[in-house]
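Undergrad: need a structure here:
(one chain, ligands or ions: 1)
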Amino acid sequence: MVKETESDRRIGERYDRLAERYDQSRFGGPFGELHADNMLRLIDWLLPATLKPCKVLDVAAGTGIAALRLAKKGHAVTAIDISEPMVRLGQAKARSSSLPVTFVVGNARSLPYPDEHFDLLVSVMFLYLDWSHEDRVVFMNEMRRVLKPGGLLVLEVLNPFWGPLVEWYQQFLEERRHTKSTRRQTAELIAGFEVLTTGACNYPKLAWIHRISPRLARFLARMGRYPPLRWVGLERYLLLRKL
Ligand SMILES: C[S@@+](CC[C@H](N)C(=O)[O-])C[C@H]1O[C@@H](n2cnc3c(N)ncnc32)[C@H](O)[C@@H]1O
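TA: Alright, predicted model coming up:
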């Protein structure tokens, strides 16, 4: 059992406060809708077409956007998140869409499940929150522990390619919310996994492009599945297999 750290508390409380506005702030409005749609399509695309209904854990699931999609596809989904208000909203969404997702309040760095319990893990918009590399290592050790050998992980990472640019851009944000892992740190985090495929979900200034041309933004978003855009996307989705 890991101790709850100062960053767990700080980040958790941030999402407690944001919960009621979370879906609207991330997935509302024309660009938010495009982002949500693209992210879900990308997850669908990354997963093998032959994947049978299986035991899934969505880690730091928030209000359950990915968890609900996977439940709709027939998987047995558990969604865990540190923020109780986020979990309550996710539960309400699952109830109203009659999807059997089990929502649990818990810490991603201390998952309350036995070893090798899940076939598929998903963790999106989480790894790059402003916590330390050491905390990320503990989190990824937990992911390795609860995943069956040969099991799959869909993991969203901030592309190290954009590292210095993202840092520069963040100076203009009031509160620092994201921190990138370097290339070497990312390699350390995903050690013990084989990278099966990757895709990109977002690019710097895509929201701005969307204001000028929604069609161009949609096109660029979809092209994140293919080179060269899959290499330069800001938010990269990795499909990993536990060795
Ligand atoms: C940007 S949101 C992403 C939520 C969801 N994955 C999505 O795509 O909408 C980050 C989530 O991580 C959760 N979180 C932060 N620290 C956590 C921790 N240590 N364990 C579990 N969840 C955590 C927050 O409560 C929040 O719901």
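
Undergrad: So what's the residue count around residue 226?
TA: 11 (other CB atoms under 10 Å). Where C-beta positions appear, they are placed from N, C-alpha and C, glycine not excepted.

Undergrad: 36 is where my numbering starts, stick with that
TA: That works, and once the first residue is 36, the last one we named lands at residue 261.

Undergrad: Is it correct that it falls within a strand?
TA: No - checked against DSSP: H, G, I helix; E, B strand; the rest coil, residue 261 lies outside a strand; its state is coil.

Undergrad: tell me the phi and psi of it?
TA: The phi and psi values for residue 261, taken as degrees, to the nearest 10, are phi -120, psi 150.

Undergrad: Let me know the pLDDT of it.
TA: Model confidence at residue 261, given as pLDDT, is 93.

Undergrad: Could you look up the SS state of residue 235?
TA: strand.

Undergrad: wait, doesn't it sit right on residue 196?
TA: No - judged on CB atoms under 8 Å, residue 235 makes no contact with residue 196 at a distance of 10.1 Å.

Undergrad: which residues are common contacts for those two?
TA: 266, 267 (CB atoms under 8 Å, 6 or more residues apart in numbering).

Undergrad: More neighbours: which of these two?
TA: Taking other CB under 10 Å, residue 235 and residue 196 do not tie; residue 235 has more neighbours (24 against 15).

Undergrad: near the ligand, which residues of this protein show up?
TA: Proximity of the chain to the ligand (CB under 6 Å from any ligand atom) is limited to residues 43, 46-47, 50, 95-97, 100-101, 116-118, 121, 142-144, 159-161, 164.

Undergrad: Provide the contact partners of the one helix or strand residue 156 maps to at residue level.
TA: Assigned by DSSP states H and E, residue 156 falls within strand 153-158. Residues outside strand 153-158 that contact it (CB under 8 Å, 6+ apart): 78, 82, 86, 89-95, 101-102, 105, 110, 113, 143, 178, 181-183, 186-191.
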